[in-house]
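Peer 1: Output the structure for:
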Amino acid sequence: MALFSIQNKVVRKVPPIKVGLERNIQKIFEENLNEILNIIFLVSEYSTSRGRIDSLGIDNNGSPVIIEYKRSQNENVINQGLSYLLWLLDHKADFEILTQKAKATIDIDWTSPRVICVAESYNKFDLDTADLLPINIELLKFRIYQNNILLVELETQQKARISTAKVFDKVKKESLIREKMKYSLENHLGRKSPKAIKIFEAINEKVVTLDESIIVEPKAKYIAYKLATNFVDIVVKQYGLKIFLNVPSGELDDPYNIARDLTKPNKIGHWGNGDYEVKLEKEEDIDKVFELVKQSYIYNK
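Peer 2: Predicted structure coming up:
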(Lines give C-alpha, C1' and ligand atoms only; values in the text may rest on other atoms or scores of the structure.)
Protein backbone atom coordinates (compact mmCIF):
# COMPACT_ATOMS: atom_id res chain seq x y z
CA MET A 1 0.00 0.00 0.00
CA ALA A 2 1.37 3.41 -0.97
CA LEU A 3 1.27 6.22 1.58
CA PHE A 4 1.13 9.90 0.66
CA SER A 5 1.67 13.10 2.62
CA ILE A 6 -0.34 16.26 1.93
CA GLN A 7 1.25 19.66 2.48
CA ASN A 8 -0.37 22.83 1.16
CA LYS A 9 -2.52 20.71 -1.19
CA VAL A 10 0.59 19.08 -2.66
CA VAL A 11 0.65 15.27 -2.50
CA ARG A 12 3.94 13.45 -2.22
CA LYS A 13 4.58 9.74 -1.88
CA VAL A 14 6.12 8.63 1.42
CA PRO A 15 8.88 6.13 0.59
CA PRO A 16 9.33 2.97 2.66
CA ILE A 17 12.63 2.33 4.40
CA LYS A 18 14.52 -0.83 5.20
CA VAL A 19 14.16 -2.11 8.75
CA GLY A 20 17.61 -3.65 8.97
CA LEU A 21 17.87 -6.58 11.31
CA GLU A 22 14.56 -8.42 11.70
CA ARG A 23 15.19 -8.48 15.44
CA ASN A 24 14.42 -4.73 15.34
CA ILE A 25 10.84 -5.26 14.15
CA GLN A 26 10.37 -8.00 16.75
CA LYS A 27 11.44 -5.56 19.45
CA ILE A 28 9.08 -2.88 18.10
CA PHE A 29 6.16 -5.31 18.15
CA GLU A 30 6.94 -6.73 21.59
CA GLU A 31 7.28 -3.31 23.22
CA ASN A 32 4.02 -2.08 21.64
CA LEU A 33 2.03 -5.30 21.26
CA ASN A 34 -1.09 -4.05 23.03
CA GLU A 35 -1.22 -0.89 20.91
CA ILE A 36 -0.62 -2.69 17.61
CA LEU A 37 -2.64 -5.90 18.06
CA ASN A 38 -4.51 -5.66 21.40
CA ILE A 39 -2.29 -8.45 22.73
CA ILE A 40 -0.64 -8.52 26.16
CA PHE A 41 3.04 -9.37 25.74
CA LEU A 42 4.24 -12.22 27.97
CA VAL A 43 7.74 -13.30 26.97
CA SER A 44 10.32 -13.17 24.17
CA GLU A 45 12.42 -16.04 22.78
CA TYR A 46 10.73 -18.66 24.94
CA SER A 47 12.63 -21.96 24.93
CA THR A 48 10.73 -25.19 24.20
CA SER A 49 11.66 -28.70 23.18
CA ARG A 50 10.83 -27.68 19.58
CA GLY A 51 12.88 -24.48 19.54
CA ARG A 52 12.48 -20.86 20.62
CA ILE A 53 9.11 -19.14 20.22
CA ASP A 54 9.76 -15.58 19.06
CA SER A 55 6.95 -13.94 21.08
CA LEU A 56 4.22 -15.26 23.36
CA GLY A 57 1.17 -13.27 24.42
CA ILE A 58 -2.49 -13.43 25.34
CA ASP A 59 -5.13 -11.31 23.62
CA ASN A 60 -8.01 -9.45 25.20
CA ASN A 61 -10.31 -12.37 24.41
CA GLY A 62 -8.11 -14.71 26.48
CA SER A 63 -6.67 -16.53 23.46
CA PRO A 64 -3.02 -17.67 23.75
CA VAL A 65 -0.97 -16.09 20.96
CA ILE A 66 2.20 -17.32 19.26
CA ILE A 67 3.97 -14.75 17.07
CA GLU A 68 6.72 -15.70 14.64
CA TYR A 69 8.68 -13.19 12.54
CA LYS A 70 9.71 -14.24 9.06
CA ARG A 71 13.34 -13.41 8.54
CA SER A 72 13.82 -14.68 4.98
CA GLN A 73 11.77 -15.72 1.97
CA ASN A 74 12.93 -19.31 2.35
CA GLU A 75 11.99 -19.66 6.01
CA ASN A 76 8.98 -21.90 6.66
CA VAL A 77 7.65 -19.79 9.49
CA ILE A 78 4.07 -21.11 9.19
CA ASN A 79 5.00 -24.73 9.91
CA GLN A 80 7.30 -23.49 12.64
CA GLY A 81 4.43 -21.64 14.29
CA LEU A 82 2.19 -24.71 14.07
CA SER A 83 4.88 -26.86 15.66
CA TYR A 84 5.02 -24.43 18.57
CA LEU A 85 1.22 -24.52 18.80
CA LEU A 86 1.27 -28.28 19.27
CA TRP A 87 3.86 -27.85 22.00
CA LEU A 88 1.75 -25.16 23.68
CA LEU A 89 -1.39 -27.31 23.73
CA ASP A 90 0.63 -30.02 25.52
CA HIS A 91 2.10 -27.54 28.03
CA LYS A 92 -0.84 -25.44 29.13
CA ALA A 93 0.41 -25.21 32.70
CA ASP A 94 3.63 -23.53 31.52
CA PHE A 95 1.61 -20.88 29.67
CA GLU A 96 -0.62 -20.31 32.70
CA ILE A 97 2.49 -19.62 34.80
CA LEU A 98 3.61 -17.01 32.25
CA THR A 99 0.27 -15.20 32.46
CA GLN A 100 0.49 -15.18 36.26
CA LYS A 101 3.99 -13.71 36.16
CA ALA A 102 2.77 -11.01 33.78
CA LYS A 103 -0.24 -10.36 36.08
CA ALA A 104 -2.59 -10.88 33.14
CA THR A 105 -5.95 -11.33 34.86
CA ILE A 106 -7.72 -12.83 31.84
CA ASP A 107 -9.34 -16.26 31.72
CA ILE A 108 -7.45 -18.33 29.15
CA ASP A 109 -9.57 -19.49 26.21
CA TRP A 110 -7.91 -22.71 25.06
CA THR A 111 -10.57 -23.23 22.35
CA SER A 112 -9.11 -20.49 20.16
CA PRO A 113 -5.30 -20.26 20.26
CA ARG A 114 -3.78 -17.99 17.63
CA VAL A 115 -0.70 -18.25 15.42
CA ILE A 116 0.43 -14.95 13.92
CA CYS A 117 3.21 -14.60 11.36
CA VAL A 118 4.78 -11.18 10.78
CA ALA A 119 6.77 -10.39 7.63
CA GLU A 120 7.42 -7.65 5.10
CA SER A 121 5.98 -9.89 2.38
CA TYR A 122 4.77 -13.42 1.66
CA ASN A 123 5.21 -15.60 -1.38
CA LYS A 124 2.69 -17.82 -3.11
CA PHE A 125 3.87 -20.88 -1.18
CA ASP A 126 3.13 -19.14 2.12
CA LEU A 127 -0.39 -18.27 1.02
CA ASP A 128 -1.05 -21.77 -0.36
CA THR A 129 0.17 -23.34 2.88
CA ALA A 130 -2.10 -21.13 4.99
CA ASP A 131 -5.01 -21.96 2.69
CA LEU A 132 -4.65 -25.71 3.28
CA LEU A 133 -4.41 -25.67 7.06
CA PRO A 134 -7.31 -26.65 9.35
CA ILE A 135 -6.98 -23.67 11.72
CA ASN A 136 -6.73 -19.89 11.52
CA ILE A 137 -3.32 -18.63 10.48
CA GLU A 138 -2.91 -14.86 10.53
CA LEU A 139 -0.35 -13.50 8.09
CA LEU A 140 0.48 -9.89 8.93
CA LYS A 141 2.47 -7.65 6.61
CA PHE A 142 4.37 -4.66 7.93
CA ARG A 143 6.25 -1.83 6.34
CA ILE A 144 8.08 1.12 7.86
CA TYR A 145 8.02 4.48 6.08
CA GLN A 146 9.88 7.70 6.52
CA ASN A 147 8.77 9.92 9.42
CA ASN A 148 8.61 6.80 11.66
CA ILE A 149 5.34 5.51 10.19
CA LEU A 150 4.55 1.81 10.73
CA LEU A 151 1.93 0.15 8.52
CA VAL A 152 0.49 -3.21 9.63
CA GLU A 153 -2.12 -4.98 7.51
CA LEU A 154 -3.67 -8.43 7.31
CA GLU A 155 -2.51 -10.45 4.33
CA THR A 156 -4.85 -13.38 4.93
CA GLN A 157 -6.61 -15.34 7.63
CA GLN A 158 -8.14 -18.64 6.65
CA LYS A 159 -11.26 -20.10 8.21
CA ALA A 160 -11.24 -23.37 10.12
CA ARG A 161 -11.91 -26.31 7.84
CA ILE A 162 -11.36 -30.05 7.59
CA SER A 163 -8.11 -30.60 5.74
CA THR A 164 -6.01 -33.50 4.54
CA ALA A 165 -2.87 -31.64 5.60
CA LYS A 166 -0.94 -33.85 8.01
CA VAL A 167 -0.09 -31.07 10.40
CA PHE A 168 -1.63 -32.64 13.49
CA ASP A 169 -1.96 -36.20 14.51
CA LYS A 170 -5.53 -37.46 14.10
CA VAL A 171 -6.70 -37.06 17.69
CA LYS A 172 -5.35 -33.56 18.16
CA LYS A 173 -6.51 -32.38 14.76
CA GLU A 174 -10.08 -33.62 15.15
CA SER A 175 -10.27 -32.20 18.68
CA LEU A 176 -9.02 -28.78 17.64
CA ILE A 177 -11.36 -28.58 14.65
CA ARG A 178 -14.34 -29.43 16.84
CA GLU A 179 -13.34 -26.67 19.24
CA LYS A 180 -12.84 -24.12 16.46
CA MET A 181 -16.26 -24.93 15.02
CA LYS A 182 -17.94 -24.74 18.40
CA TYR A 183 -19.38 -21.24 18.11
CA SER A 184 -21.51 -19.84 15.29
CA LEU A 185 -23.93 -16.98 14.69
CA GLU A 186 -26.75 -19.41 15.40
CA ASN A 187 -25.38 -19.95 18.91
CA HIS A 188 -25.77 -16.23 19.58
CA LEU A 189 -29.12 -15.72 17.84
CA GLY A 190 -30.89 -18.84 19.09
CA ARG A 191 -33.88 -18.13 21.37
CA LYS A 192 -33.44 -14.38 20.98
CA SER A 193 -36.44 -12.20 20.24
CA PRO A 194 -37.36 -11.47 16.59
CA LYS A 195 -36.74 -7.78 17.36
CA ALA A 196 -33.17 -8.42 18.56
CA ILE A 197 -32.43 -10.67 15.56
CA LYS A 198 -33.74 -8.06 13.13
CA ILE A 199 -31.60 -5.34 14.68
CA PHE A 200 -28.53 -7.60 14.60
CA GLU A 201 -29.04 -8.55 10.95
CA ALA A 202 -29.33 -4.89 10.00
CA ILE A 203 -26.17 -3.72 11.77
CA ASN A 204 -24.26 -6.87 10.74
CA GLU A 205 -24.99 -6.17 7.07
CA LYS A 206 -23.69 -2.63 7.41
CA VAL A 207 -20.51 -3.66 9.25
CA VAL A 208 -19.43 -6.44 6.88
CA THR A 209 -19.81 -4.16 3.85
CA LEU A 210 -17.23 -1.73 5.25
CA ASP A 211 -14.35 -3.87 3.99
CA GLU A 212 -14.09 -7.22 2.21
CA SER A 213 -11.24 -8.15 4.57
CA ILE A 214 -13.43 -8.05 7.68
CA ILE A 215 -13.63 -11.39 9.47
CA VAL A 216 -16.70 -12.27 11.53
CA GLU A 217 -15.63 -14.58 14.36
CA PRO A 218 -18.26 -15.81 16.85
CA LYS A 219 -16.74 -16.22 20.31
CA ALA A 220 -18.18 -17.79 23.44
CA LYS A 221 -19.64 -14.52 24.76
CA TYR A 222 -19.83 -12.22 21.74
CA ILE A 223 -19.40 -11.88 17.99
CA ALA A 224 -16.09 -10.29 16.97
CA TYR A 225 -15.52 -8.23 13.82
CA LYS A 226 -11.85 -7.93 13.04
CA LEU A 227 -9.14 -6.92 10.64
CA ALA A 228 -5.69 -7.28 12.19
CA THR A 229 -7.52 -6.91 15.52
CA ASN A 230 -11.12 -6.62 16.73
CA PHE A 231 -12.69 -3.24 16.02
CA VAL A 232 -16.19 -4.06 17.26
CA ASP A 233 -17.71 -6.85 19.38
CA ILE A 234 -21.46 -7.50 19.58
CA VAL A 235 -23.37 -9.22 22.35
CA VAL A 236 -26.91 -10.24 21.34
CA LYS A 237 -29.41 -9.82 24.18
CA GLN A 238 -33.17 -10.40 24.33
CA TYR A 239 -33.92 -6.69 24.14
CA GLY A 240 -31.34 -5.81 21.48
CA LEU A 241 -27.57 -5.51 21.28
CA LYS A 242 -24.62 -4.45 23.40
CA ILE A 243 -21.88 -3.18 21.12
CA PHE A 244 -18.29 -2.67 22.29
CA LEU A 245 -16.10 -0.27 20.32
CA ASN A 246 -12.34 -0.73 20.34
CA VAL A 247 -11.53 2.96 20.73
CA PRO A 248 -9.52 4.39 23.66
CA SER A 249 -11.28 6.59 26.17
CA GLY A 250 -11.50 10.18 24.91
CA GLU A 251 -10.98 9.29 21.23
CA LEU A 252 -14.61 8.68 20.20
CA ASP A 253 -16.64 11.48 18.59
CA ASP A 254 -20.13 10.80 19.96
CA PRO A 255 -22.45 13.63 18.83
CA TYR A 256 -25.57 11.75 20.01
CA ASN A 257 -24.11 10.98 23.46
CA ILE A 258 -25.15 7.33 23.21
CA ALA A 259 -21.85 5.61 24.06
CA ARG A 260 -20.83 4.74 27.61
CA ASP A 261 -17.18 5.21 28.55
CA LEU A 262 -16.32 2.06 30.51
CA THR A 263 -13.22 3.63 32.08
CA LYS A 264 -15.08 6.34 34.02
CA PRO A 265 -15.28 6.89 36.89
CA ASN A 266 -13.55 3.53 37.37
CA LYS A 267 -12.71 0.94 34.75
CA ILE A 268 -15.52 -1.60 34.36
CA GLY A 269 -14.82 -5.21 33.38
CA HIS A 270 -16.76 -6.34 30.32
CA TRP A 271 -16.87 -8.79 27.45
CA GLY A 272 -15.31 -7.57 24.25
CA ASN A 273 -12.57 -5.07 23.47
CA GLY A 274 -12.33 -1.32 23.80
CA ASP A 275 -13.40 1.43 26.19
CA TYR A 276 -16.90 2.17 24.87
CA GLU A 277 -20.24 0.38 25.09
CA VAL A 278 -23.34 1.23 23.08
CA LYS A 279 -26.79 -0.28 23.55
CA LEU A 280 -28.81 -0.70 20.36
CA GLU A 281 -32.45 -1.42 21.12
CA LYS A 282 -34.33 0.54 18.44
CA GLU A 283 -34.18 0.19 14.67
CA GLU A 284 -34.25 3.97 14.26
CA ASP A 285 -30.92 4.18 16.11
CA ILE A 286 -29.04 1.83 13.78
CA ASP A 287 -27.56 4.58 11.60
CA LYS A 288 -26.40 6.56 14.65
CA VAL A 289 -24.66 3.53 16.13
CA PHE A 290 -23.15 2.61 12.77
CA GLU A 291 -21.46 6.02 12.60
CA LEU A 292 -19.64 5.12 15.82
CA VAL A 293 -18.78 1.65 14.51
CA LYS A 294 -17.20 3.24 11.44
CA GLN A 295 -14.99 5.36 13.69
CA SER A 296 -13.75 2.22 15.42
CA TYR A 297 -13.16 0.55 12.04
CA ILE A 298 -11.11 3.53 10.82
CA TYR A 299 -9.19 3.72 14.11
CA ASN A 300 -8.18 0.04 13.91
CA LYS A 301 -7.71 -0.25 10.14
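Peer 1: Could you pull up the contacting residues of the residue nearest to residue 70 when sequence neighbours are not counted?
Peer 2: Of all residues not flanking residue 70 in the chain, residue 119 sits nearest, at 3.5 Å (CB to CB, 6 or more residues apart in numbering). Quick note: C-beta positions are derived from backbone N, CA and C, even for glycine. Taking CB atoms under 8 Å, 6 or more residues apart in numbering, we find residue 119 in contact with 69, 70, 77, 139, 140, 141, 142.
Peer 1: Please, where are all the strands along the stretch 151-300 of the chain?
Peer 2: Assigned by DSSP state E, counting those that start in this stretch, the strands in the stretch 151-300 of the chain fall at 215-218, 223-226, 230-236, 241-245, 259-261, 276-280.
Peer 1: now the stretch 1-150 of the chain
Peer 2: In the stretch 1-150 of the chain, the segments counted as strands under DSSP E, counting those that start in this stretch are 3-7, 10-14, 16-17, 39-48, 51-59, 64-69, 114-119, 137-145, 149-157.
Peer 1: what ranges do the helices span in the chain?
Peer 2: Secondary structure of the chain (DSSP state H): helices at 22-31, 33-37, 77-90, 92-101, 124-132, 170-180, 185-189, 194-208, 286-300.
Peer 1: May I see the ones you listed organised as TSV, with distance to residue 260, mean pLDDT and mean neighbour count added?
Peer 2: Converted to TSV, those look like this (distance: least, CB to CB, whole Å; pLDDT from 0 to 100; neighbours: other CB atoms under 10 Å):
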stretch	distance to residue 260	mean pLDDT	mean neighbour count
helix 22-31	31	83	17
helix 33-37	22	90	17
helix 77-90	36	87	19
helix 92-101	28	93	13
helix 124-132	38	68	15
helix 170-180	32	46	14
helix 185-189	21	89	14
helix 194-208	17	94	16
helix 286-300	11	94	18
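Peer 1: Export those to CSV and append columns for distance to residue 154.
Peer 2: Formatted as CSV, the helices of the chain follow (distance: least, CB to CB, whole Å):
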stretch, distance to residue 154
helix 22-31, 15
helix 33-37, 11
helix 77-90, 15
helix 92-101, 25
helix 124-132, 12
helix 170-180, 18
helix 185-189, 21
helix 194-208, 15
helix 286-300, 11
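Peer 1: Select, out of those, the one closest to residue 246.
Peer 2: With CB to CB as the criterion, residue 246 lies closest to helix 286-300 of the helices of the chain, at 5.4 Å.
Peer 1: And that closest one, what does it pack against?
Peer 2: Applying 3 or more CB pairs under 8 Å, 6 or more residues apart in numbering; DSSP states H and E, we find helix 286-300 packed against helix 194-208, strand 230-236, strand 241-245, strand 276-280.
Peer 1: Could you dump the ones you listed into a markdown table with distance to residue 112 added?
Peer 2: Listed next are the helices and strands packed on helix 286-300 as a markdown table, based on distance: least, CB to CB, whole Å:
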| stretch | distance to residue 112 |
| --- | --- |
| helix 194-208 | 20 |
| strand 230-236 | 12 |
| strand 241-245 | 18 |
| strand 276-280 | 23 |
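Peer 1: Out of those, which gets nearest to residue 258?
Peer 2: Of all those, strand 276-280 comes closest under CB to CB, at 5.8 Å.
Peer 1: Who are the packing partners of the closest one?
Peer 2: strand 241-245, strand 259-261, helix 286-300.
Peer 1: how about it: buried residues?
Peer 2: 276, 277, 278, 279, 280 (16 or more other CB atoms under 10 Å).
Peer 1: Any idea how far stretch 274-292 is from the middle of the chain?
Peer 2: Relative to its chain's centre, stretch 274-292 lies at 22 Å (CA atoms, centre = their mean, to the nearest Å).
Peer 1: end-to-end on that stretch?
Peer 2: End-to-end span of stretch 274-292 (CA to CA, to the nearest Å): 13 Å.
Peer 1: Can you give the contact residues for that stretch?
Peer 2: With CB under 8 Å, 6+ apart as the contact definition, stretch 274-292 has outside contacts at 198-199, 202-203, 206-207, 230, 232-233, 239-249, 252, 254, 256, 258-263, 270, 296.
Peer 1: Just the buried ones from those?
Peer 2: 199, 203, 207, 230, 232-233, 240-247, 252, 254, 258-262, 270, 296.
Peer 1: So what are the structural domains in the protein, by residue number?
Peer 2: 3-179, 185-300 (automatic domain parsing).
Peer 1: on that earlier part again, quick check: which of the strands of the stretch 1-150 of the chain is nearest to residue 27?
Peer 2: Taking those one by one with CB to CB, strand 39-48 is closest: 8.4 Å.
Peer 1: That closest one - which strands sit beside it in the sheet, and in what orientation?
Peer 2: The sheet places strand 39-48 alongside strand 51-59 (antiparallel), with pairing taken from DSSP bridges.
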